[in-house]
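A.B. asks: my questions concern the predicted model and sequence given below.
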Amino acid sequence: MACFNVRVYGIMINHLQQVLVSDEYIRGGYYTKFPGGGLEFGEGTLECIKREWQEELGQDVEVVEHIYTTDFFQISAFDNVTQILSIYYLVRPTSPFTAPLLNKPFDFTIPEGITEVEGVRWIEWEDFNAEAVTLPIDKVVADIVKAKY
């Protein structure tokens, strides 16, 4: 049975004009994406982005503005039956940024039997573009971010 998966992501640009991305190993694949995740039942999108950033980064954020909501059909890369609907917000920190940073893409080890590992890193503005991220919707958003900010 086909269903929808609503995803909510935050775009953070620091004072050095660097963009935060998450490098993730998921079920045998490597993905560079924006920090965020799945909307839980009973949760609003603003609550979701705050929860996801707190869970993944220990980071308190506030939403500055809405950037984009998916306006085309996108099937999930993970199950081929779920339609993905992603919502992106520009966020800024409301607590000190203390998340451990990767020095280079996928600079982590994957323990035996583990199916998901993630880490975050900053991408320099001049190196940030649609090719810097993996997923199709993120590529659209990267172009929007480059044009808008």
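C.D. replies: Yes, it's here.
A.B. asks: pull out the buried residues from stretch 110-130.
C.D. replies: 118, 119, 120, 121, 122, 123, 125, 128 (16 or more other C-beta atoms under 10 Å). C-beta: built from backbone N, CA, C; applies to glycine.
A.B. asks: now these in JSON lines, with secondary structure?
C.D. replies: JSON lines is the format used below for the buried residues of stretch 110-130 (DSSP: H, G, I helix; E, B strand; the rest coil):
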{"residue": "118", "secondary structure": "strand"}
{"residue": "119", "secondary structure": "strand"}
{"residue": "120", "secondary structure": "strand"}
{"residue": "121", "secondary structure": "strand"}
{"residue": "122", "secondary structure": "strand"}
{"residue": "123", "secondary structure": "strand"}
{"residue": "125", "secondary structure": "helix"}
{"residue": "128", "secondary structure": "coil"}
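A.B. asks: which pair in those residues spans the largest distance?
C.D. replies: Greatest spacing in the buried residues of stretch 110-130, by C-beta to C-beta: 118 and 125 (22.7 Å).
A.B. asks: so where do the helices sit in the protein?
C.D. replies: Taking DSSP state H as the test, the helices found in the chain are 45-57, 136-148.
A.B. asks: so which of those gets nearest residue 67?
C.D. replies: Comparing the helices of the chain by C-beta to C-beta, helix 136-148 comes nearest, at 6.2 Å.
A.B. asks: what residue lies at the spatial centre of the chain?
C.D. replies: For the chain, the residue nearest the mean C-alpha position is residue 34 (2.0 Å; C-alpha atoms, centre = their mean).
A.B. asks: check which residues of stretch 94-114 are buried.
C.D. replies: Neighbour-count burial for stretch 94-114 [16+ other C-beta under 10 Å]: 97, 99, 102, 106.
A.B. asks: re earlier: now do the same contact list for the residue nearest to the residue nearest to the centre of the chain when sequence neighbours are not counted.
C.D. replies: Of all residues not flanking residue 34 in the chain, residue 9 sits nearest, at 4.1 Å (C-beta to C-beta, 6 or more residues apart in numbering). Going by C-beta atoms under 8 Å, 6 or more residues apart in numbering, residue 9 touches 33, 34, 35, 36, 37, 49, 86, 87, 88, 89, 138, 141.
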